[in-house]
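> I'll drop the sequence and a predicted model, then ask my questions.
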Amino acid sequence: MSKSMICSCEDVTADDVRHAVSRGYCDVESVKRYTGFGTGICQGKSCLSAVAALLEKEKALKADAVVPFTPRPPLFPTELSLLASAPVDESLPPIGGVPQEVDAFPKALRPEGPVPAKAKVVIIGGGIMGLALAYNLARAGETDVVVLERGYLCAGASGRNGGGVRMQWGTPALVELAKRSIDVMKGFARELGINVWLRQGGYLFLARKPEVAKRLERNVALHNRFGVPTRLVTPDAARDIVPGLTMKGCVAASFNPEDGVIFPWPFLWGYAQGCRKKGVRVETYTEVTGFEVSGGQVRKVKTDRGDIACDTVVLASGAWSPQVAKLAGVELPNEPHRHEILSTEPLKPFLGPLVSVLDSGLYFSQSMRGEIVGGMGDPKEPAGLNMGSTLRFVSRFAHALMEQLPHVGHVKVLRQWAGCYDVTPDNNPILGRTPGLDNLLQMSGFVGHGFMMAPAVAERMAAWMATGESDELFTRFNLRRFAEGSLEREDMIIG
Ligand SMILES: Cc1cc2nc3c(=O)[nH]c(=O)nc-3n(C[C@H](O)[C@H](O)[C@H](O)COP(=O)(O)OP(=O)(O)OC[C@H]3O[C@@H](n4cnc5c(N)ncnc54)[C@H](O)[C@@H]3O)c2cc1C
């Protein structure tokens, strides 16, 4: 073991990079996430070329596949107080953003050779939903499963989220699913051999308007019924939970000490590693381009590496699900909506819970690495698959954060990025069989909470698929409900 340093900000050695490659994380985006190189104060300015040269030297990648990771604004670490001073016109919608991705997944990264000609189950999307389902199917004995992912693992919303996990929901179905998911997360390291850095510091919801305060009040009884210890807290008690919090403009708060945060990337890798160990094929850089449909069934999934004949297809493509479904002639009501997020320089531990002002969609927490990680929805954001980052977002976020935590104004933002919520008309997922195409199963529409729902949903979906026994989850959240108008809206959405 050598100590040949490659990223001094994050203490990443050449051997760490070799280790990532040995685990199958060979492209630059994946090596960045697996080792942490390029995520420190210099944001890759001093280490990116060294990692690229090492990957080429070690023959981990062909020369034309060694492409740099996507650069993230700001150009250099910038204080929140300075960002908050940038002017924002709230009457206008946000536009564009940087970087404009030219070719996010270059052909050179596509694996050589075709995909398998046949599989029992083909899952489209290697996000948390697709991978968790594949793992649970394999655990139930079904290993003839292929997961198709057009980019690297973590390319979609599952690699871009805030890692918040909470049981504070407004409907029984989501409370129950989140509760089960958090139980799975607690045992994840034992079962899958990877640390997901679960930290149960709680979720502190703040309400400004009386009607939002009423929502929090209503939820307490529901949560307690499921054994979730949510309680209403006064503004003073909220300040005790988070010292320095101003509670400016807030009239009420609720707190569940058992909610928390996890680190998204290892959660995804854990499922992916578990899949591969059990014989599931996880094919990255492989894009689904169409379907062969006949007699009310999907017969084949077409990809840019050949066709796969299959018995069952699962659509788990997140915000891209409507466009993939369209290839099979299926219309989905989901709409993608950009959500921006950022991360600061690391600080000593000072913030226990994830805090969210429900009225404005502001949320912030402190990661296990010490960074403040947070985001905020924008009511003017139009629908669309946009993953650019804007100055408008950082300015709005910094302003709203400093209103609640004035003492963090000097803290520097290191990196901002964006992902897409996969939004349905009732803020609930779309699950189960597709009317008219029985063997195309839906697993999308998880808005801004799919990460925390995945372990429980995947567990139940795998059991439902393997045993054929009925489960009300797949009728309650079936696509049919939008035509039938039987919608129960979830209103505890952040952003
Ligand atoms: C900024 C932000 C913050 C969030 N915060 C939280 C949070 O705190 N807690 C929480 O629980 N959730 C959060 N979410 C939501 C959560 O990230 C998502 O609900 C969840 O990750 C969805 O998982 P998925 O597997 O359905 O989709 P994804 O992770 O997006 O996976 C879908 C995959 O399909 C692939 N794909 C698309 N088209 C094709 C094709 N044609 N062929 C092959 N593959 C294809 C994509 O590349 C992608 O990797 C947040 C989301 C965002 C954007």
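Thanks, I have it.
> near the ligand, which residues of the stretch 201-350 of the chain show up?
For the stretch 201-350 of the chain, the residues in contact with the ligand (CB under 6 Å from any ligand atom) are E287, V288, A316, S317, G318, A319, W320, V324, H339, I341. Where you see a C-beta, it was placed from the backbone N, CA and C, and this is true even at glycine.
> Looks like the third one contacts S444 (just checking).
Right, A316. Yes - applying CB atoms under 8 Å, one finds A316 in contact with S444, separated by 6.6 Å.
> Overlap in contacts, those two.
M129 (CB atoms under 8 Å, 6 or more residues apart in numbering).
> Just confirm yes or no for the helix or strand encompassing M129 near the ligand.
Using DSSP states H and E, M129 maps to helix 128-139. Yes - residues of helix 128-139 are located near the ligand by CB under 6 Å from any ligand atom, namely I128, M129, G130.
> out of everything not next to it in sequence, what's closest to the second one?
Spelled out, it's M129. Distance criterion CB to CB, 6 or more residues apart in numbering; nearest residue to M129, sequence neighbours excluded, is A316 at 4.2 Å.
> And for the one you found, the neighbour number?
By other CB atoms under 10 Å, the residues close to A316 number 32.
> what's the answer for the one 3 residues further on, then?
Residues within reach of A319, counting by other CB under 10 Å, total 26.
> how close does it sit to R476?
22 Å (CB to CB, to the nearest Å).
> Next, the contact list for the residue lying closest to I430 once chain neighbours are set aside, please.
For I430, ignoring the flanking residues on the chain, the nearest one in space by CB to CB, 6+ apart is G445 at 4.1 Å. With contacts defined as CB under 8 Å, 6+ apart, G445 is in contact with S321, L332, N334, D422, V423, T424, N428, P429, I430.
> at 10 Å what do you get?
318-319, 321-322, 332-335, 421-431, 477, 479 (CB atoms under 10 Å, 6 or more residues apart in numbering).
> Please apply the same query to R18.
S2, T35, L54, L55, E58, A60.
> Who wins on neighbours among the residues you listed?
Ranking the contacts of R18 using other CB under 10 Å puts T35 first, with 25 neighbours.
> What's the separation between the nearest residue to R166 once chain neighbours are set aside and M368?
Using CB to CB, 6+ apart and skipping the chain neighbours, the partner closest in space to R166 is D259 (3.8 Å). Distance of D259 to M368, computed by CB to CB: 16 Å.
> What of P257?
17 Å.
> Also H449?
21 Å.
> just to revisit the earlier point, of the contacts of R18, closest to the ligand?
Using CB to the nearest ligand atom, T35 comes nearest to the ligand of the contacts of R18, at 20.5 Å.
> contacting residues around that closest one?
6-7, 10-13, 15-21, 25, 47, 51.
> In ChimeraX, select just the buried ones from the residues you listed.
Buried residues within those, by 16 or more other CB atoms under 10 Å, are selected in ChimeraX with:
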select :6,7,10,12,13,16,17,20,21,25,47,51
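> restrict the contacts of T35 to those near the ligand?
Counting by CB under 6 Å from any ligand atom, no member of the contacts of T35 is near the ligand.
> does the residue nearest to M129 really touch I128, like I thought?
Yes - A316 lies in contact with I128 (CB atoms under 10 Å); the separation is 8.9 Å.
> ok, how many other residues are close to the residue in the stretch 351-495 of the chain positioned nearest to the ligand?
With CB to the nearest ligand atom as the measure, G450 is the residue of the stretch 351-495 of the chain nearest to the ligand, at 2.3 Å. By other CB under 10 Å, the residues close to G450 number 25.
> who's in contact with whichever residue of the stretch 251-400 of the chain sits closest to the ligand?
The ligand sits closest to G318 of the stretch 251-400 of the chain, with a gap of 2.5 Å, by CB to the nearest ligand atom. Counting by CB under 10 Å, 6+ apart, G318 touches 125, 127-130, 155-158, 324, 334, 336, 419-422, 443-446, 450.
> phi, psi of it?
G318 has phi and psi values of phi 50, psi -130 when expressed as degrees, to the nearest 10.
> Report the angle between the lengthiest helix in the chain and helix 128-139.
Ranked by residue count and defined by DSSP state H, the top helix of the chain is helix 450-467. Following axes from the mean of the first three to the mean of the last three CA atoms, to 10 degrees, one obtains 30 degrees for the angle between helix 450-467 and helix 128-139.
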